[in-house]
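> Next come a sequence and a model predicted from it.
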4 protein chains.
Amino acid sequence: MEFQIDSNSSSPIYSQLREQFREAVARGQIEPGARMPSVRDLSRRLVVNPNTIARAYRELELEGLLLTRQGVGVFVAQPKAELTQQVREKRLVEAVDQFLTEAIHLRFSQADIAEIVAERAEGFRW
Amino acid sequence: MEFQIDSNSSSPIYSQLREQFREAVARGQIEPGARMPSVRDLSRRLVVNPNTIARAYRELELEGLLLTRQGVGVFVAQPKAELTQQVREKRLVEAVDQFLTEAIHLRFSQADIAEIVAERAEGFRW
Amino acid sequence: MEFQIDSNSSSPIYSQLREQFREAVARGQIEPGARMPSVRDLSRRLVVNPNTIARAYRELELEGLLLTRQGVGVFVAQPKAELTQQVREKRLVEAVDQFLTEAIHLRFSQADIAEIVAERAEGFRW
Amino acid sequence: MEFQIDSNSSSPIYSQLREQFREAVARGQIEPGARMPSVRDLSRRLVVNPNTIARAYRELELEGLLLTRQGVGVFVAQPKAELTQQVREKRLVEAVDQFLTEAIHLRFSQADIAEIVAERAEGFRW
DNA sequence: GTGGTCTAGACCACC
DNA sequence: GTGGTCTAGACCACG
């Protein structure tokens, strides 16, 4: 996959990488089992400190989205559902509320929201 | 209004306060013109340094949500719209995509999403 | 760039720094992408507490004129326009009226004003 | 004259009063010799602390725009030019530069500026 | 090395 | 009483 580092962003690089990966997975642009570029390789291509790449990979592994096979490489993990129903719902509610708060401050209407959600949802993999 | 500080959160205190205020406004739980607790008062109640409270208030003022009257106190501002259509749409799209990414990782369906959005939207002020 | 602190001024230090930076940008003396002196460095040179420098930088970042890359440094941002036409015009009118009020109290004629505006405008970047 | 207190402004009340008076004089809306409302009277009408009115009057008197005749009242002063040519020019240049800096950040063109200056100048008394 | 956060405490400005 | 500014200094996050 292609990572884009936005140096105009205030969010740290390791975090941008992690979020881009999460979004690419959600969009179905990355297949489970696929091999990720090595830390050193990606570090050279993006001109980023290897520690930064390693941190992004480490956090994605902790989240269960990547799998490191020692001496072999880093791979996209098979998705598995580990969270309880309760936790999943709590997190979803938090995410929705955060989104709605932002939408209201941007002065969009409830109809606008429904529309944009449906529209953008098409770019994801359900 | 009631502020809650989560000391386990990685998000800084001033930022937690700002976000809680933004959400309360979006929910219509705070009326424009209302008086906010004084910096010193809130500082004592939350057991947080006054400078930290002041920073949250100051940033909300720069954002146009609060309004300080020197020597008098801090008040909730009248809402106004200053951003261009283009910027508003860009920010909304970012917020939606972030929300949808999260929702998919939590393994909710497109139907679930539409439902939860409609459901939670009821708690906000459109 | 060279900052000058006027300790006789009633305007706070962080504000003087912010205004000087804004003017330097308007004069085209600062290129987008250029690196700003580090907080600690400027703090030493101006003999001012680092927090004060950081506050000036932070506010310029919120205004969209600077951009911080964590652990790397502070940089001059690419300019962008985010305000609505209405707000821009309102602020311009306020600025003009303030200027004209001052000019009249200084007893300059309308012709003087037109001349000085044209003259000083040459030092700026249009 | 009619004073308007903008409680949505971050500038202190005494300062708002002073600036409004200065602008009214520059617009020719106030005649030299005219009687100003008493501190107590204005204080009641504007629902403002008498100390605040007194401070505005005091600063305008220091600036030479008002004249207090003990036991009689406060009057609009005859304009007199006390500043040297050098000081007048220095202040004008500062005012112009400040205005131009703002105009550029609001992304107006040099032509826009000339136009708005001429337009707004009509409301003032030259 | 860079900036970010938070505390403690002094002093000032405003009403 | 209110908030605003500035300092000094500790500790953390980032690359």
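That came in fine, so what should we check first? Just so it is clear, the structure is predicted and the values come from calculations on it, not from any experiment.
> Strands of chain A, start to end?
Secondary structure of chain A (DSSP state E): strands at A:35-36, A:66-69, A:73-76.
> what about the shortest one, distance to the chain center?
Here the centre of mass of C-alpha atoms in strand A:35-36, compared against the chain's by Cα atoms, centre = their mean, to the nearest Å, lies 15 Å away.
> related to what we said a few turns ago, so can I have JSON lines of the strands of chain A showing mean neighbour count, distance to DNA strand F and mean pLDDT?
C-beta: built from backbone N, CA, C; applies to glycine. Putting the strands of chain A into JSON lines (neighbours: other Cβ atoms under 10 Å in any protein chain shown; distance: least, Cβ to the nearest atom of the strand, whole Å; pLDDT from 0 to 100) gives the following:
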{"stretch": "strand A:35-36", "mean neighbour count": "16", "distance to DNA strand F": "18", "mean pLDDT": "95"}
{"stretch": "strand A:66-69", "mean neighbour count": "16", "distance to DNA strand F": "17", "mean pLDDT": "94"}
{"stretch": "strand A:73-76", "mean neighbour count": "17", "distance to DNA strand F": "18", "mean pLDDT": "95"}
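> Out of the ones you listed, which gets nearest to chain D?
Closest to chain D of the strands of chain A is strand A:35-36 (Cβ to the nearest Cβ; 43.5 Å).
> Okay, now the sheet partners of the closest one, with direction.
Using DSSP bridges, strand A:35-36 pairs in its sheet with strand A:73-76 (antiparallel).
> Distance from the chain centre to the strand it pairs with, please.
On Cα atoms, centre = their mean, the centre of strand A:73-76 falls 16 Å from that of its chain.
> Contacts for that strand next, please.
A:25, A:30-36, A:38-39, A:57, A:65-69 (Cβ atoms under 8 Å, 6 or more residues apart in numbering or on different chains).
> right, and out of those residues, which lies closest to A:I104?
Ranked by distance to A:I104 (Cβ to Cβ), these are led by A:V25 at 29.0 Å.
> which ones are touching the nearest residue to that closest one once chain neighbours are set aside?
Distances taken as Cβ to Cβ, 6 or more residues apart in numbering or on different chains place A:L65 nearest to A:V25, at 6.3 Å, with adjacent residues excluded. When contacts are counted by Cβ under 8 Å, 6+ apart, A:L65 touches A:21-22, A:25, A:76-77.
> Same list, these, but as CSV with distance to A:I104 please.
Output for the contacts of A:L65, formatted as CSV (distance: Cβ to Cβ, whole Å):
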residue, distance to A:I104
A:F21, 30
A:R22, 25
A:V25, 29
A:V76, 36
A:A77, 36
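> Between those residues, which sits nearest C:R45?
Among those, A:F21 lies closest to C:R45 (Cβ to Cβ), at 41.6 Å.
> Give me the distance between the closest one and C:V72.
According to Cβ to Cβ, to the nearest Å, A:F21 stands 22 Å off from C:V72.
> Between those two, which is the more surrounded one?
A:F21 (23 against 11; other Cβ atoms under 10 Å in any protein chain shown).
> so who does the residue lying closest to that one once chain neighbours are set aside touch?
The shortest distance from A:F21 to any residue other than its chain neighbours is 5.9 Å, reached at A:L60 (Cβ to Cβ, 6+ apart). Contact analysis of A:L60 by Cβ under 8 Å, 6+ apart lists A:18, A:21-22, A:66.
> ok, now with 6 Å
The contact partners of A:L60, taken as Cβ atoms under 6 Å, 6 or more residues apart in numbering or on different chains, are A:18, A:21, A:66.
> Where does the record place the domain boundaries for chain A?
A:13-76, A:85-121 (automatic domain parsing).
> Turn those domains into CSV, columns for distance to A:D6.
CSV is the format used below for the domains of chain A (distance: least, Cβ to Cβ, whole Å):
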stretch, distance to A:D6
domain A:13-76, 6
domain A:85-121, 19
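> who wins for proximity to D:V87 among those domains?
Judged by Cβ to Cβ, the one of those that comes nearest to D:V87 is domain A:85-121, at 46.9 Å.
> how far does that closest one stretch from start to finish?
End-to-end distance of domain A:85-121 (Cα to Cα, to the nearest Å): 22 Å.
> now stretch A:72-90
Using Cα to Cα, the end-to-end distance of stretch A:72-90 comes to 37 Å.
> How about the contacts made by A:A24?
Contacts for A:A24 (Cβ under 6 Å, 6+ apart) come out as A:1, A:30.
> so who does the spatially most central residue of chain A touch?
Central residue of chain A (Cα atoms, centre = their mean): A:R22, 1.8 Å from the mean position. By Cβ under 6 Å, 6+ apart, the contact set of A:R22 is B:T101.
> can you list the weak-confidence ranges in chain A?
Along chain A, the model assigns pLDDT under 70 to no residue.
> one more time with 80
Across chain A, the ranges flagged by pLDDT under 80 are A:81-82.
> so which residue of it comes closest to chain C?
Residue of chain A nearest chain C, by Cβ to the nearest Cβ: A:P12 (5.2 Å).
> List the contacts of the nearest residue to A:R91 once chain neighbours are set aside.
Closest residue in space to A:R91, ignoring its immediate chain neighbours: B:L106 at 5.8 Å, by Cβ to Cβ, 6+ apart. Contacts for B:L106 (Cβ under 6 Å, 6+ apart) come out as A:88, A:91-92.
> One more pass at 8 Å, please.
A:83, A:88, A:91-92, A:95.
> Is it possible to mark the buried ones in those?
A:88, A:91-92, A:95 (16 or more other Cβ atoms under 10 Å in any protein chain shown).
> and those residues as JSON lines, adding distance to B:R45?
Putting the buried ones among the contacts of B:L106 into JSON lines (distance: Cβ to Cβ, whole Å) gives the following:
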{"residue": "A:R88", "distance to B:R45": "34"}
{"residue": "A:R91", "distance to B:R45": "29"}
{"residue": "A:L92", "distance to B:R45": "31"}
{"residue": "A:A95", "distance to B:R45": "29"}
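> burial of the residue nearest to A:S43 when sequence neighbours are not counted, as a residue count?
Spatial nearest neighbour of A:S43, excluding adjacent residues (Cβ to Cβ, 6+ apart): A:P50 at 4.1 Å. Per other Cβ under 10 Å, the neighbour tally for A:P50 reads 14.
> ok so, going back, can you tell me how far the residue nearest to A:V25 is from A:A56?
Applying Cβ to Cβ, the value for A:L65 to A:A56 is 11 Å.
> still on that earlier bit, ok, so of the contacts of strand A:73-76, who is nearest D:N8?
For the contacts of strand A:73-76, the nearest to D:N8 is A:V25 (46.5 Å; Cβ to Cβ).
> In contact with the closest one, which residues are there?
Neighbours of A:V25 in contact, by Cβ under 8 Å, 6+ apart: A:65, A:76, B:104-105.
> Would you mind listing the outside residues contacting the lengthiest helix in chain A?
When chain A is scanned for its longest helix (criterion: DSSP state H), the result is helix A:85-105. Contact with helix A:85-105 is made by A:83, A:112-113, B:19, B:22-23, B:25-26, B:91-92, B:95-96, B:98-99, B:102-103, B:106-108, B:112, B:116-117, B:120-121, B:123-126, as judged by Cβ under 8 Å, 6+ apart.
> Mind doing that once more with 7 Å?
A:113, B:22-23, B:26, B:92, B:95-96, B:99, B:102-103, B:106, B:108, B:116-117, B:120-121, B:124 (Cβ atoms under 7 Å, 6 or more residues apart in numbering or on different chains).
> coming back round to it: tell me how many other residues surround the residue of chain A closest to chain C.
Quick note: A:P12 (other Cβ under 10 Å) scores 15 neighbours.
> Tell me who's in contact with it.
Applying Cβ under 7 Å, 6+ apart, we find A:P12 in contact with C:Q70.
> how does it look with 10 Å?
A:18, A:52, A:55-56, C:69-71 (Cβ atoms under 10 Å, 6 or more residues apart in numbering or on different chains).
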